[in-house]
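1. pasting the sequence and the predicted model now:
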Amino acid sequence: MSTNLPEISGSRSPEGRSLKKSSVNSKFLPTSQARFGYLGHLCLQNSKDDPTEALRNITALDAPSFLPNVMTLQRASTPWQYNTPCRTLEAACADDSAQGEEARSLSPSRGGGSQMLKSTSKKAISTQAPMPANYVRRIRRKAQMSRSANDHRQQIADLKMLADSASRSGNVYQALQAYHKMGVVFDNQAMYPEAVQKYKQFLALCITSKNTQGEALAYNCLGIDCFKMGQYDEAIQYHNKHLELADGTGRLIAHTNLGIVFQAMGLSEHAAIHHQHAIEYANRMGSKDAQCFTVGNLGIASAAQGDLQTSRICLQYHLSSAQRQKATAVDSKFAQHTLKEVSKSAYHRLGQVNATDGRFDEAADHFAKAMEVAKTGADQKDEEVSVAMLGIARGMLNFDEHCAALVKKAAEASLDGEEDGLRDLKRPLQGSPCEVVLTFSRNLRSWTTNQLRKLNAQASDQFVMNSEEGDLDACAEALDQQRRQFEDEGKYEDAEQVKQRLELLQEKADAKRREALRQRQLAQRLGVEEAHMKELQEFNQHWDQKVAEFEAHAASLQSQLQDRHNQEFAEARKKFEMETEPRNPRFSKDLLNLRKIQDTLAKMKKYSEASKTKQQADVVEAKEREAWSAKRETKIRGLEEQFLHKQSLEMTGLTKRIVSGREEQKQARKLELQRLLQRYHNARSSCDGMLCCNRLSWISGDDPAGCFL
């Protein structure tokens, strides 16, 4: 396996930095964030001058929390508005492809929930989990913990009544929350078929109400429950849909769950690909918890592929990361229990990897540390497993010398057997000369036959292991001819020996052919899976690029239209100022008469009376000019409102076209994804059918040679 590990660090990618910059430029005002209500005001009250802190507080409302355990299915974060019951902790899944039957029976990662939490119940540990850092999440956690622990049947009955009443009243939001709560209650009771039914109803309501966040949450819950029921194909479909709808954090969760499902199916290469994608998203988020378990999952997938060096590096990083988090975590029973479980599992897996790689001294050290951790946690079963594996590792340290000693003893024993045969030949014989000759000939023939049988068996085994199909057929034909020759000559003992060798040769040849058939079938199935994964990645890349281009084009159209509207409005404003009637004030007859009287008095040199008349005329003129200006401004304002209304209609039309195009694009992507998945299922069904026909043909013996062409 040539695994290219992504960079493991807390630094964010350029995409993440660009998202952060765009977030910093955003302004959060109490009026613009009214949708958060009073709780939203609490998020913003201490961040008047720091918009970055405000964004962090608001984002934390739906921030996920991860456990650092490997091979643990990750659940999407429930929206903070949902008052759902507390979930029990997820247990580590079994990685069947990475270990043999004996190792799997001893592995501490198996055993489901009872193995994960056997000294303390999962419910008790869940209630002792640390409170979230966000205020809203803390309030929600306290509400969940204060709820009385009723019987699950009573809870289901109450929630069913609430869902029915909400559906009758048309309150879809309350109905979908009730169905989700019922699914959580069934999950806590391990009643997964009933939980799947409720999650499907929850999904249908989310699709009807166009609740994308709830739809992604439903796909995550359905994928996990289908996996627990052993329905791996359905689980992969749901997790792929979750991956399509999710954001960065959701994609991390979806890739992790897909990797675990493929690992359970024995497809460790596909599991490694998804775990690498999960590491990339964990690095973008800068989440140490996420980096811890994603790298550990990649180590398990690498061990299943035989890449022990990569597996060792990943598991060591997983262990050291978990230990570093202990120094910064709050000292609580939950944190201590989590660290013990992570350390115990990591030490045990490191011991298995080192033992497989032949590093038995390092394996013994890791098993000893796993035993100590299990002993401190009062975990007797895991302690016994670690002690057994420690004994095996220490015993394997001198196993080569022990094997060499056994070979030497076997060689000496074979020489003693040969000497016994020769001793029979050298033993003094009594009787008549004819009897002596016959006895000696019989002993010599027996000793020679035994030696030839041993040499022929060794040569035949070596020949079967290193021969091709044609050579095996030629050897079988030669042995059959020799058998017939001995039969014709009356040498029935030799014919029986040749017959036994021929049957043994045929059995070994059949075993070799069956192994070749199995390897060929496995390669064909892996080829179909690899082609599907490559096609799925290309599909996602193509549609992501297409969506990005569409959004960029839509933003460009809106920007261009807004610029054009601003320019047209400025020109229209100038036009209204110049052309709106009356452009000049039309004075009344009274004002004109006053002006004539003023001029006449001035000509008559009656300046005092002319001054009084002028003051009266100025007052009248000011009032008339003010009335003219107000009337003209009213007309201009009406024209501007009509013009702006026309522009708003144009902008609304463009927005509707963009929304319609986005929906069409989403539907097209969904249909294309369905076709892609259908092609994959058809190809896999065809491949499985062909392989089944080949196996049946091989078993029936109709065409034994055709299975290998």
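-> Nice, thanks for sending it over. All of these numbers come straight from a predicted model, not from anything done at the bench.

2. now Gln558. Nearest residue, chain neighbours left out?
-> In space, Gln558 comes closest to Leu654 once its chain neighbours are excluded; the distance is 6.6 Å by CB to CB, 6 or more residues apart in numbering. Quick note: C-beta positions are derived from backbone N, CA and C, even for glycine.

3. tally up the residues packed near the one you found, please.
-> 16 (other CB atoms under 10 Å).

4. same check on Ala516?
-> For Ala516, the count of nearby residues is 13 (other CB under 10 Å).

5. mind giving me the packing neighbours of the host helix or strand of it?
-> With the criterion set as DSSP states H and E, the secondary-structure element containing Ala516 is helix 492-579. The contact analysis (3 or more CB pairs under 8 Å, 6 or more residues apart in numbering; DSSP states H and E) places helix 492-579 against helix 232-245, helix 268-285, helix 433-466, helix 469-489, helix 607-700.

6. reformat the ones you listed as a markdown table; add mean pLDDT and distance to Lys340.
-> What follows is the helices and strands packed on helix 492-579, written out as a markdown table (pLDDT from 0 to 100; distance: least, CB to CB, whole Å):
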| stretch | mean pLDDT | distance to Lys340 |
| --- | --- | --- |
| helix 232-245 | 89 | 29 |
| helix 268-285 | 87 | 23 |
| helix 433-466 | 55 | 48 |
| helix 469-489 | 73 | 55 |
| helix 607-700 | 86 | 41 |
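
7. so which of those is the most surrounded?
-> helix 268-285 (a mean of 23; mean count of other CB atoms under 10 Å).

8. report the angle between the helix or strand that comes right after that one and helix 268-285.
-> On the C-terminal side of helix 268-285, the closest following helix or strand by DSSP H and E is helix 288-305. Calculated by axes from the mean of the first three to the mean of the last three CA atoms, to 10 degrees, helix 288-305 forms an angle of 160 degrees with helix 268-285.

9. returning to that earlier point: next up, the contacts around the residue nearest to Gln558.
-> Contacts for Leu654 (CB atoms under 8 Å, 6 or more residues apart in numbering) come out as Leu557, Gln558, Leu561.

10. and those, which is closest to Thr208?
-> Taking CB to CB as the measure, Thr208 lies nearest Gln558 of those, at 29.2 Å.

11. ok, now how distant is His239 from Gln541?
-> As for His239, its distance to Gln541 is 18 Å (criterion: CB to CB, to the nearest Å).

12. ignore what I typed, I meant Cys93.
-> Between Cys93 and Gln541 the computed distance is 29 Å (CB to CB).

13. who has more neighbours out of those two?
-> Neighbour comparison, Cys93 and Gln541: the larger count goes to Cys93, with 21 against 10 (by other CB under 10 Å).

14. and that one, what's its pLDDT?
-> Reading off the per-residue confidence, Cys93 sits at a pLDDT of 70.

15. pretty sure it sits against Val70.
-> No. Assessed by CB atoms under 8 Å, Cys93 is found out of contact with Val70, at 9.4 Å.

16. can you pull out the low-pLDDT segments for the stretch 501-650 of the chain?
-> Flagging of the stretch 501-650 of the chain using pLDDT under 70 yields an empty set of residue ranges.

17. how about a cut-off of 80?
-> Per-residue confidence for the stretch 501-650 of the chain (pLDDT under 80) gives these ranges: 501-502, 505, 508-510, 513-514, 517-518, 521, 524-525, 579-584.

18. residues of stretch 530-543 that come out buried?
-> His532, Met533, Leu536, Phe539, Trp543 (16 or more other CB atoms under 10 Å).

19. contacting residues for the last one?
-> Spelled out, it's Trp543. The contact partners of Trp543, by CB under 8 Å, 6+ apart, come to Arg669, Glu672.

20. cool, and Met229?
-> Tyr192, Pro193, Val196.

21. so what does the helix or strand containing the last one touch, helix or strand wise?
-> When elements are assigned from DSSP H and E, Val196 belongs to helix 192-208. Using 3+ CB pairs under 8 Å, 6+ apart as the contact criterion, the elements in contact with helix 192-208 are helix 172-188, helix 212-228.

22. how about the last one: buried residues?
-> When you say that, I think you mean helix 212-228. Of the residues in helix 212-228, those buried by neighbour count under the rule 16+ other CB under 10 Å are 213-228.

23. please apply the same query to the first one.
-> Applying a neighbour-count criterion of 16+ other CB under 10 Å, the buried positions in helix 172-188 are 175-188.

24. which residues of the stretch 51-200 of the chain score low on pLDDT?
-> By pLDDT under 80, the weakly predicted segments of the stretch 51-200 of the chain are 51-69, 77-152.

25. repeat that with 90
-> Scanning the stretch 51-200 of the chain for pLDDT under 90 picks out 51-178, 180-182, 184-191, 197-198.

26. quick check: what element follows the helix holding Ala516 along the chain?
-> Using DSSP H and E, the helix or strand that directly follows helix 492-579 along the chain is helix 589-603.

27. pull out the buried positions in that next one.
-> Along helix 589-603, these residues count as buried under the neighbour rule (16+ other CB under 10 Å): Leu591, Leu594, Arg595, Ile597, Gln598, Leu601.

28. for those, which one is nearest Leu673?
-> Here the nearest of those to Leu673, counting by CB to CB, is Leu591; it sits at 79.2 Å.

29. quick check: closest non-adjacent residue to the closest one.
-> The shortest distance from Leu591 to any residue that is not its chain neighbour, by CB to CB, 6+ apart, is 4.8 Å, and that residue is Val620.

30. touching, the one you found and Asp590? I think so.
-> Yes. Counting by CB under 8 Å, Val620 sits close enough to Asp590 to count as a contact (6.5 Å).

31. show me the contacts for the closest residue to Cys687 other than its chain neighbours.
-> If you skip the residues right next to it in sequence, Cys687 has Val528 as its closest partner in space, 5.2 Å away by CB to CB, 6+ apart. Remark: with contacts taken as CB under 8 Å, 6+ apart, Val528 is in contact with Tyr680, Ala683, Arg684, Cys687.

32. redo that, cut-off 6 Å
-> Each residue near Val528 by CB atoms under 6 Å, 6 or more residues apart in numbering is listed here: Ala683, Arg684, Cys687.

33. for it, give its distance to Ile260.
-> Separation of Val528 from Ile260 (CB to CB) stands at 21 Å.

34. ok, Arg518 next?
-> Taking CB to CB as the measure, Arg518 falls 25 Å from Ile260.

35. can you pick out the residue with more neighbours from these two?
-> The residue with more neighbours, out of Arg518 and Ile260 and counting by other CB under 10 Å, is Ile260; that gives 29 against 12.

36. Val70 in helix, strand or coil?
-> Assigned with DSSP: H, G, I helix; E, B strand; the rest coil, Val70 falls in the coil class.

37. which residue, other than its chain neighbours, is closest to it?
-> Counting by CB to CB, 6+ apart, the residue nearest Val70 is Gly296, at 3.7 Å.

38. surely that neighbour and His318 touch.
-> Yes. Between Gly296 and His318 there is a contact under CB atoms under 6 Å: 3.3 Å.

39. next one: phi and psi at Gly266?
-> Backbone torsions of Gly266, given as degrees, to the nearest 10, read phi 90, psi 10.

40. any idea how many residues pack against it?
-> Applying other CB under 10 Å, we find 16 other residues in the vicinity of Gly266.

41. distance of it relative to Tyr232?
-> For Gly266 relative to Tyr232 (CB to CB), the value is 10 Å.
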